[in-house]
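Asks: coords please:
(chains A and B)
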Amino acid sequence: MKQLSIPSFIAPRVLLAFGGVQQLAITVVALLAGTVVTADERSDLHDSSSSSADIQPIGESESIFVRHIEPLLRTKCFGCHGADQDAIEGELDLRIKQSAFAGGESGETAIVPGHPERSPLYLVMTRTSDDWSAMPPKEAEAVSADKLSNVHRWIATGAVWPTTSRADEIKRVNAERWSAEDGITIATSGGLDDAWTNRRYKPELLWAYQPVEKPVIGPNAIQPIDWLIQQAMPPGLQHAGPADRRTFIRRASFDLTGLPPTPERTEAFVADQRDDDVVIAELVEQLLASKHYGERMAQHWLDVVRYADSSGLANDFHRGGAWRYRDYVIRSFNDDKPYNEFIVEQIAGDELDPDDPEMLIALGYLRMGPWELTGMEVAKVARQRFLDDVTNSVGETFLAHSLQCAKCHDHKFDPVPTRDYYSIQAVFQTTQLAERRAERLDCENTDGFDQQAYLKLRRAEYERLSQELDDALLANALAWYREQGLDDSHWKQIVQQLQQQGKTSVFNAARNQIKKGLAEDQYPPKLVGFTPQQFGLERVTRKGLQALAFEDDSFKPFALSVYGGHTPSVKSISSPFRIPVDLTNGELERGQILTGGDPFSPGQTVQPGVLSVLGSSLEAPIPDSISGRRLAFAQWIADENNPLTTRTIANRIWMWHFGNPIAGNPNNFGSTGKLPTHPKLLDYIAATLVENDWSIKSIHRLIMTSHAYRRSSIHPDPEQLEKLDPAGDRYAVFLPRRLTAEEIRDSMLAITGELNPAMGGVPCRPEINLEVALQPRQIMGTFAAAWQPNPLPKDRHRRSIYACRLRGLADPAHEVFNLPGPDFSSEKRDASNVTPQVFALFNSERSHHRALAFANRCIQETQDDAQAIARCFELAYGRLPSETETRLLLEHWQTVEQLLPEDAIAFKQQPTEILREAVEENTGEQFSFVETLHANRDFVADLQPTQVDRHTRAFADLCLAILNSNEFIYVY
Amino acid sequence: MNHLQSSRRDVLYGLGASLGSVAFTAMMADELAASETPNDLQPRPQQIPARAKRCIFLMMEGGPSHIDTFDPKPKLEQLHLKEFNRSGKQKSAMESGKRYFVQSPFRFIKAGDCGADMAENWERLASVADELCFYRGCQVDSVNHPTAMYQMNCGNRFGGDPAMGAWVTYGLGSVNQDLPGFVVLPAVSYPQGGSANWSNGYLPAQFQGTALRPTGSPILDLNPPAGVSRSRQRLNLDLVAELNQRHAAKHPTHGDLSARMANYELAFRMQMQVPSVLDIADEDQKTLSLYGVNQKPTDQFGRKCLLARKLIENGVRFVQLYHGSWDSHDYIQRAHGSLVSAVDQPIAALISDLKARGLLESTLVVWCGEFGRSPDNGVRGGTAYGRDHNPNAMSIWMAGGGVKAGHTIGATDETGAEAVENVHHVRDLHVTLLRLLGLDDNKLTFYHAGRFKQLSQFGGKVIEELIA
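Replies: Reported below is the predicted structural model:
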């Protein structure tokens, strides 16, 4: 970690290091720096003359230039007007005085000294000129009003443009004063140029790099969180009272388990005579002890790390071992694994203990990005994609920093130089991707491995087709010899030999054997004589067998993992990749800055390193040996004094309870992210986490026992609330939230009684919209296999976190309810409100299935219609219906029942085969094949309308309405 | 209806519902005042005056060969079957084995008054050649299908960013509030990269491309399961409304509740309107034959082109049609031959039909693939050759509002390996297409993950030569 020397005149300088260097008096500086300097700059003249007798008096105009105009031109204009000599826009070069004054292709001078209103340079920046188009072109990069006034003043005072040496002189004389006023510099490993290295930051935007400081809580505070929130409450704003117990138990249950409470638990909670504090603390303990707690928290984590069971891109191959990582995450939360250990295991489990399968499984984190290497791709480019992906991912996941912004240039806004980006990347340059052998753990669920039987059936079918195609090729080859008038005796002899040896793909083997030494027209061409149909089938089988090899890995003791070594020279990966015997084969990558992010433009070499703005608590630098880099790096992240790490997780946990984070962008604490609304609160939680040995459960306890969390969502004075808390971020009232996609499905299954609460194991396959399940989906050269649900209801009615997540095929019902895309980290779920949600929830067979099962359950468990309605309400809403509601629903029930025909229609059936038609890419002609859906042959349908009476079917309509109602979909 | 806030919206629903396929809807509502928050489908004015108000994007997925369609290379006749070496960055596993230059199996003609180059199997398209503006200067970054598709559609090689159709609807809204603003007509099989090709990315979900499926229910779950009658559905909808109203009374300040209630009514109306828009039964026989509907091999794509016209008439802002796969690695004569015969007539019909209806002037039509193809082939040494992927050269054409019709802009080198004249990265094409639709890429931004994002990723420039 080299620190570039920073010119000593720049002050104050802030060096941050964990636990060590003191925090400088940033707040004082902030007061000065926050103000815009448009004041009369003539005082500079006075200052300078008093500071140095040798210097020419400094004029106002040249002073403004040095202080404001040059930096402005550099940041806003040089990109198109100067930096790249070969691509200067409008022939205007703003780096040099002469050319700037001369103007560009318009022929008019850009600057008329003394007359800003006649100077195009000024006019373009106003963005209001009729004659000059607005600059910079991007609205978002418009010159701010205060900067614009600097330009105006500079031109008005004569537009003096000093020479470089004069500018340096002016800077030197004013260094101390300006730095106090303009912001501070901050030490990093250094930018690609000095201007970046020495640039200034508004101190308040550097909040995230400051050491975490646990605020002192007032002496009479009952609960620290409430005290901190009260400190930041606008004067005069009262907060809402506590939520009633019925509301609270639903809120707490969904927050910690993603499932509604049972009616029995709700009633017991409501009826409990003890104090709120006692019963709530007890409830929280019960929920934290529930195994569903881990599932809910893991879902949050998997959103951040982009979990999927397939690799995406052209092939979208399965990631057979991915589910073991998913279960590792669930286990970790349930076991309340200290967060610092959780970090280190995911980044460097193998370097901690290569003999512990759990550690190899944890490394799945590093593999979560979409990635593949096909023969169509340049291997080095694909390798770089992994490196870029993992570099950015560790930044976003653990440090709330989007590091990719520093891939091609030093970060535009944050103190993250490109050098850091490649230093962190160097940590991973000996990290290689492999599906590693990792023995099964006792805690892993291996139920459902019998499903592999269906893959075997598919394999057998492909192999049979392959054989048929090979036979056809062999016949075509003989025909080819006849047509060409060539002697086929040698060919026949080879074929016969191969057949006797029991070889498959005899044609290809024979062709490879015979072609040695022969001219190309002397032996049969590839795929000789194939029809479009056969061309198509050949691809279907070949690619199908490849895909199966990946899917088979789900059932084998392998983990989606990494190892340390040289980069193997592999041109394409079409089967699961195992650790090579010789780890030193291939290139040993060296860390280097890639110019423009291009792997073919290596620049300076760099050592493995960390984010230099944080200084370093490392005892020793990160080693550049093959092994040990990740461990040292992970330990740096997991250091209790790393302020980004602890704040990042504290912020996320807060959001998991309140819907909104304290700092608005949980993946971005940089200056473009939103500032924390309650910085002290954030620090309090971050510090407490460390004090509590990184126990995440302890933070849930802290938060959930606060009054802020227990508040009602109904405010006693909405007008006052709107007026005093227009941003809605003061926690005067609890904000309702819509259930997530997974919560909607899971809680429906829970209340219908269909949910199988088993944990973990190979991904399950719920029924999804049948048209989407069967939708032909192109992957490289062929189609992906159709989505076949698990044949047995108990296997498919698992929680959504266990559903197979394919990058190329999202469950449309989840997608429409804001399931995040699997390619980018999701820092926060959206909860949009769009019409297709209605189709998914009101019209889909899935909803109708659940409604029928729900109706059936409620009728089965009760004695009469009114009781059935009451049961339905308590399961779905956690309350009993009012008399009016009961009457309303009874009437509706009757009306619907009269409308219903006596005979019911069954839901759509799962087909057992499907005809695939496509344009064959070699010939452009249609071909077709029949895909057999082996699992569907054993499909056991859910309860059908034909299996219940008309009365139950009519009640199902009521249940459908209830499942669609706002009271079910929102949590208060 | 009562729950909706804006009376203007009510007016629009009325128009959409009562005027059916009349283009009046499209024209009038374009002029309506903008709403300030681009968070809905309300029509918004253009940022820069432009003639094109909507777009039909013909995506020839797989990578059509420019050398065998619109960019003749006589030089290849001399080089035919001479060895060829790839080098540099794009060197990949694809270059294994010997490679040979191969000439195009297609003869070329000069079409229209403008003398546009076309392979002669574009028989019908030749008749509208003067409406087209060809561009040969575009380059992309990726040689791989899904990443190149993402880049062409969404500006970013990695999936997950908003598609151009999403950006355009975000910028301009849409005219018919009962239909999605961005409609995709995929081939029976989804392209590589799947539905992320028409994703809304980080833009609000309203701007997601709605795939109208060629078979089955055009919109997923548009209708309830078989046996649920309309009256029963209305009854159930009323019950949802009743439950929701009672609930809303207890939560008067919870704003999302009314929006969610309104959506149920809108969904019910869409259920009625969508099938009528999609029904081409009311088109006369002449039109059906013009597009090649009910004829082989044009039926499938002919229906799509006809539907595209109906959709824009009904106020849809952006329609993207998929056809493919044009990935002809082998037997290019047969493969491209049959692909062209499937799309030639429908596309020419679309252009001439739009023109006859006075819609071409206000519609931007784009034809392209995700990349072009190489002048060489590696597989069979010239017996049944095809071509490989080529990110450095391709042919694109545009027609309609504001494009420089009757011109060919840019050029590739003598073998078609690389664009050499008027060369632009695809980001500039995106900026240009937005400009043609009255949008400024630099102003059409969305703040996401700490940065103002835009279709071109980091900004680009308008290719002025393509604009009339």
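Asks: now stretch A:371-383, how far from the centre of its chain.
Replies: 22 Å (C-alpha atoms, centre = their mean, to the nearest Å).
Asks: quick one: buried residues of that stretch?
Replies: A:Trp371, A:Glu372, A:Leu373, A:Thr374, A:Met376, A:Glu377, A:Val378, A:Ala379, A:Val381, A:Ala382, A:Arg383 (16 or more other C-beta atoms under 10 Å in any protein chain shown). (C-beta placed from N, C-alpha, C; glycine too.)
Asks: and that stretch, how far apart are its ends?
Replies: 9 Å (C-alpha to C-alpha, to the nearest Å).
Asks: what's next to that stretch, contact-wise?
Replies: Identification of contacts with stretch A:371-383 by C-beta atoms under 8 Å, 6 or more residues apart in numbering or on different chains yields A:311-315, A:317, A:385-386, A:389, A:433, A:567, A:569-574, A:599-600, A:780, B:89-94, B:143-145, B:389.
Asks: picking up where we left off before, if you look at the buried residues of stretch A:371-383, which of them are in helices?
Replies: Those of the buried residues of stretch A:371-383 mapping onto helices are A:Ala379, A:Val381, A:Ala382, A:Arg383, per DSSP state H.
Asks: Just the buried residues of the contacts of stretch A:371-383.
Replies: Buried among the contacts of stretch A:371-383 (16+ other C-beta under 10 Å): A:311-315, A:317, A:385-386, A:389, A:433, A:567, A:572-574, A:599, A:780, B:90, B:92, B:94, B:143-145, B:389.
Asks: And chain A, what are its domain boundaries?
Replies: A:35-182, A:212-241+A:640-695+A:706-733, A:295-448+A:554-637, A:457-548, A:741-971 (automatic domain parsing).
Asks: Using CSV, please lay out those domains together with distance to B:Leu185 and mean pLDDT.
Replies: Output for the domains of chain A, formatted as CSV (distance: least, C-beta to C-beta, whole Å; pLDDT from 0 to 100):
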stretch, distance to B:Leu185, mean pLDDT
domain A:35-182, 33, 79
domain A:212-241+A:640-695+A:706-733, 36, 95
domain A:295-448+A:554-637, 23, 95
domain A:457-548, 23, 93
domain A:741-971, 14, 94
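Asks: Could you export those as TSV, including distance to B:Met60?
Replies: Formatted as TSV, those follow (distance: least, C-beta to C-beta, whole Å):
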stretch	distance to B:Met60
domain A:35-182	31
domain A:212-241+A:640-695+A:706-733	37
domain A:295-448+A:554-637	18
domain A:457-548	19
domain A:741-971	12
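Asks: and stretch A:890-910, how far out from the chain's middle?
Replies: For stretch A:890-910 - counting by C-alpha atoms, centre = their mean - the centre lies 43 Å from the chain centre.
Asks: do the same with stretch A:154-161
Replies: 49 Å.
Asks: just to revisit the earlier point, keep only those of the buried ones among the contacts of stretch A:371-383 that are in helices.
Replies: In this view, these that belong to helices under DSSP H are A:Arg385, A:Phe386, A:Asp389, B:His145.
Asks: need the next SSE after the helix or strand where A:Asp350 lies, C-terminal direction.
Replies: Secondary structure from DSSP states H and E places A:Asp350 in helix A:339-352. Counting by DSSP H and E, the element after helix A:339-352 in chain order, helix or strand, is helix A:357-362.
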